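J.: structure, please.
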Amino acid sequence: MNFLLELGIKQETIDSIITKYDEAIITNFKIEEDNVEEVINFLREIGIVDIDNLLIFDLSIFTKKIDYVKECFEIKNLNEVVKLINEDITNITRI
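T.: Predicted coordinates:
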């Protein structure tokens, strides 16, 4: 999962992911590397700041197709949702 390091994700985050998730989920995550990168970049672009903890909280968010992720944010008040997520990452479940 070195590609995460190249995206600025901390080694401690990668270690936590490996500890928390089973091998099948991690394998799928690795297969979706390009999509994971797109989702991380999109979340940063809209102002989400705690990508590391989001990865640990719910890895599946990052394996969704980027168009789907964008669509989920577009149907909400983007500024409000970003603010809520930045205050508490568990608010990502509201999307």
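J.: not counting the lengthiest helix in the chain itself, show me its contacts.
T.: When the chain is parsed with DSSP state H, its longest helix is helix 33-46. For helix 33-46, contacts defined as Cβ atoms under 8 Å, 6 or more residues apart in numbering pick out 3-4, 7, 9, 29, 51, 54, 61-66, 69-70, 73, 78, 82. All C-beta spots, glycine's among them, are computed from the backbone N, C-alpha and C.
J.: could you redo the last one with a cut-off of 6 Å?
T.: 3, 7, 51, 62, 66, 69, 82 (Cβ atoms under 6 Å, 6 or more residues apart in numbering).
J.: and the residue sitting furthest away from the middle of the chain, how close does it get to K20?
T.: For the chain, the C-alpha farthest from the mean C-alpha position belongs to N77; by Cα atoms, centre = their mean, that distance is 19.0 Å. To K20, N77 is 31 Å away according to Cβ to Cβ, to the nearest Å.
J.: and what of K65?
T.: 23 Å.
J.: again, but for T63
T.: 15 Å.
J.: so which of these two has more stuff around it?
T.: The neighbour count for T63 versus K20, taken as other Cβ atoms under 10 Å, is higher for T63 (17 against 13).
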